[in-house]
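**Q** Predicted model follows, preceded by the sequence.
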There are 2 protein chains.
Amino acid sequence: MDQQAIQSIVEEVVSRLSVMKPTKRSIPMAVSARHCHLSQSDLEALFGEGYELTKKADLSQPGQFAANESITIVGPRGSLEKVRILGPARNITQVEVSQTDSVKLGLKPPLRESGDIKESAPITLVGPKGSLYKKEGLIIAQAHIHMTPEDASLFGVDNSEYVKIEVNGERPITLGKVLIRVSPRYKLEMHVDTDEANAGSISRGSVGKLIKYEGTL
Amino acid sequence: MDQQAIQSIVEEVVSRLSVMKPTKRSIPMAVSARHCHLSQSDLEALFGEGYELTKKADLSQPGQFAANESITIVGPRGSLEKVRILGPARNITQVEVSQTDSVKLGLKPPLRESGDIKESAPITLVGPKGSLYKKEGLIIAQAHIHMTPEDASLFGVDNSEYVKIEVNGERPITLGKVLIRVSPRYKLEMHVDTDEANAGSISRGSVGKLIKYEGTL
């Protein structure tokens, strides 16, 4: 067996071990594809009066679900079809895309924490019963980690703190400025978007290692 | 002015300063969009007998150029049009795409150093005068740094060594397993693909900081 073949096999084994053996301080990774959250009134504008989302599958965060319903989102340069709606309905409509998606749409959404859509990018939503132009609501979601207060205590971090996360897959990567979000309702999980996942060979089953910033960020 | 506005402005200033003030050890970044290199015989199969590439623009690496010509690449799930050909013609045909692209094509190209296409993914190439099915040649290019022997000496690294590169943009990122490629013909520059660029807010003008691995990789 030549040197290259041996190296490939060793790398594959190391890569799989790092995926399969989460340590105490490791964080499960989840990849968020483009999706949207709709307010009940926007849902009705797109799907018809009195419409209610129907559940396709539960998500890892308790109470959250992927709906059977999807919409088309449109920008000045292009559109993206079958953008999944996540339920339940929220107070504000928010669409989360990757930087790659935003190039296709021809829009410049800011990098934001979920819920912070003030002066974000505009987006057109098209559903089976109508369409809407939202003056704001399109964002690129900042990488973040959901955790319980017990997890936060274990990791020695606080809500709203930024940390670095190292993921040692085939393309080793360390993501900085990752936001800690603490709630008793959460389940420990880091959310990255598809650009971050593709750049770092991250998929379901990958785990990250939390690194605290030294001093102030 | 509210706290959020102040923070945004400060972040923008810091981000621009980090782009504009490369230090002695900083490495200019370049983003490689999907592209292909063709052998002269494959070029002729796609564009006609005796065809020669025409230059659109010089690239940063001496002698390399973006051609006016482009092709369509096709996989079992989809195709990508206007894939730029880089010249001059090479000994072997090689197509470099991002992980995002490979999902669209429905193919699984390996992460490889340029030139190493053995048992890589198959790809169909379509030109104005013909098409070709290549049994191998489709890769995702491993992030790498071109440098001269003088640069290598300055950074204290050797050809084929792996290093980490830290880029402190809006989305701070550290890419691991970045390959050093040394040649007197090269100009100092790190090449990342569009997934890595989008995940790390990397664009022309961004600079990276080289970090050596401690011990063995």
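**A** Done, it's in.
**Q** show me where chain A has helices.
**A** Here chain A has its helices, by DSSP state H, at A:3-20, A:40-47, A:99-105, A:149-155, A:194-199.
**Q** Show the contacting residues for the residue nearest to A:S39 when sequence neighbours are not counted.
**A** Sequence neighbours aside, A:T93 is the residue nearest to A:S39 in space, at 5.0 Å (criterion: CB to CB, 6 or more residues apart in numbering or on different chains). C-beta coordinates here come from the backbone N, C-alpha and C atoms, glycine included. Residues in contact with A:T93 (CB atoms under 8 Å, 6 or more residues apart in numbering or on different chains) are A:C36, A:H37, A:L38, A:S39, A:D42, A:L125, A:K134, A:G137.
**Q** residue ranges with poor pLDDT in chain A?
**A** A:1-24, A:215-217 (pLDDT under 70).
**Q** For it, what lies in contact range of chain B?
**A** A:98-100, A:111, A:118, A:143, A:164, A:166, A:168, A:170-177, A:194-196, A:198-201 (CB under 8 Å from any CB of the partner chain).
**Q** Give me the buried subset of those residues.
**A** Among these, the ones that count as buried by 16 or more other CB atoms under 10 Å in any protein chain shown are A:98-100, A:111, A:143, A:164, A:166, A:168, A:170-177, A:194-196, A:198-201.
**Q** mind checking how far A:N198 is from B:G200?
**A** To B:G200, A:N198 is 12 Å away according to CB to CB, to the nearest Å.
**Q** just A:I165 next, same as before
**A** Applying CB to CB, the value for A:I165 to B:G200 is 13 Å.
**Q** repeat for A:P76
**A** For A:P76, the distance to B:G200 (CB to CB) stands at 26 Å.
**Q** tell me the centre residue of chain A?
**A** Nearest to the mean C-alpha position of chain A, by CA atoms, centre = their mean, lies A:S32 at 3.6 Å.
**Q** If we ignore the residues flanking it in sequence, what's nearest it?
**A** Nearest non-adjacent residue to A:S32, counting by CB to CB, 6+ apart: A:H191, 5.1 Å away.
**Q** count of residues packed around that neighbour?
**A** For A:H191, the count of nearby residues is 22 (other CB atoms under 10 Å in any protein chain shown).
**Q** My read is that it contacts A:A30, right?
**A** Yes - taking contacts as CB atoms under 8 Å, A:H191 lies within contact range of A:A30: 5.4 Å.
**Q** so which of the contacts of A:T93 is the most crowded?
**A** A:L38 (29 neighbours).
**Q** how much space is there between the closest residue to that residue other than its chain neighbours and chain B?
**A** Spatial nearest neighbour of A:L38, excluding adjacent residues (CB to CB, 6+ apart): A:T93 at 5.1 Å. A:T93 is 21 Å from chain B, where distance means CB to the nearest CB, to the nearest Å.
**Q** any idea how far A:T93 is from B:P172?
**A** When A:T93 is compared with B:P172 (using CB to CB), they lie 29 Å apart.
**Q** just A:C36 next, same as before
**A** 27 Å.
**Q** what does A:P184 give?
**A** Distance from A:P184 to B:P172, by CB to CB: 30 Å.
**Q** again, but for A:I71
**A** In terms of CB to CB, A:I71 sits 33 Å off from B:P172.
**Q** What of A:T124?
**A** 32 Å.
**Q** cool, and A:S203?
**A** 22 Å.
**Q** swap in A:R204?
**A** 24 Å.
**Q** Which residues are in contact with the closest residue to A:A141 other than its chain neighbours?
**A** Nearest residue to A:A141, sequence neighbours excluded (CB to CB, 6+ apart): A:E96, at 4.6 Å. Neighbour list for A:E96: A:S32, A:R34, A:H35, A:C36, A:S114, A:I139, A:I140, A:A141, A:D193 [criterion: CB under 8 Å, 6+ apart].
**Q** Check A:E189 too.
**A** A:E189 neighbours (CB under 8 Å, 6+ apart): A:I27, A:P28, A:M29, A:A30, A:S60, A:Q61, A:I145, A:H146.
**Q** Now with 10 Å, please.
**A** A:I27, A:P28, A:M29, A:A30, A:L59, A:S60, A:Q61, A:H144, A:I145, A:H146, A:M147, A:D151 (CB atoms under 10 Å, 6 or more residues apart in numbering or on different chains).
**Q** And A:I123, by the same measure?
**A** Counted by CB under 10 Å, 6+ apart, A:I123 has contacts A:36, A:73-75, A:93-95, A:97, A:105, A:107, A:109, A:132-139.
**Q** Strands - which of the residues you listed land there?
**A** Among the contacts of A:I123, the members falling in strands (DSSP state E) are A:36, A:73-74, A:94-95, A:132-139.
**Q** Format the residues you listed as TSV; extra columns: distance to A:T54.
**A** Output for the ones in strands among the contacts of A:I123, formatted as TSV (distance: CB to CB, whole Å):
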residue	distance to A:T54
A:C36	16
A:I73	20
A:V74	24
A:Q94	20
A:V95	20
A:L132	20
A:Y133	26
A:K134	23
A:K135	29
A:E136	28
A:G137	23
A:L138	25
A:I139	26
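**Q** Tell me the one of the residues you listed nearest chain B?
**A** Nearest to chain B, judged by CB to the nearest CB, of the ones in strands among the contacts of A:I123 is A:I139 at 13.0 Å.
**Q** Can you name the residues bridging to the closest one?
**A** Legend: beta-bridge partners of A:I139 under DSSP bridges are A:E96.
**Q** Equivalent analysis for A:L111, please.
**A** Beta-bridge pairing of A:L111 under DSSP bridges involves A:I140.
**Q** dump the residue contacts of it.
**A** Applying CB under 10 Å, 6+ apart to A:L111 gives the contacts A:Q99, A:S120, A:I139, A:I140, A:A141, A:Q142, A:A143, A:K177, A:D193, B:E170, B:R171, B:S201.
**Q** Can you give me every residue that contacts the first one?
**A** Going back to what we said before, that points to A:Q99. Per CB under 10 Å, 6+ apart, neighbours of A:Q99: A:108-109, A:111, A:140, A:193-196, B:171, B:194-195, B:197-201.
**Q** How is chain A partitioned into domains?
**A** Domain segmentation of chain A under automatic domain parsing yields A:23-30+A:143-212, A:33-141.
**Q** Go through those domains and pick out the most buried.
**A** Among those, ranked by average contacts under mean count of other CB atoms under 10 Å in any protein chain shown, first place goes to domain A:23-30+A:143-212 (a mean of 19).
**Q** Quick one: distance of it to the chain centre.
**A** 11 Å (CA atoms, centre = their mean, to the nearest Å).
**Q** cool, stretch A:114-134 as well?
**A** Mean C-alpha position of stretch A:114-134 versus that of the full chain (CA atoms, centre = their mean) differs by 18 Å.
**Q** got it, and stretch A:81-94?
**A** 13 Å.
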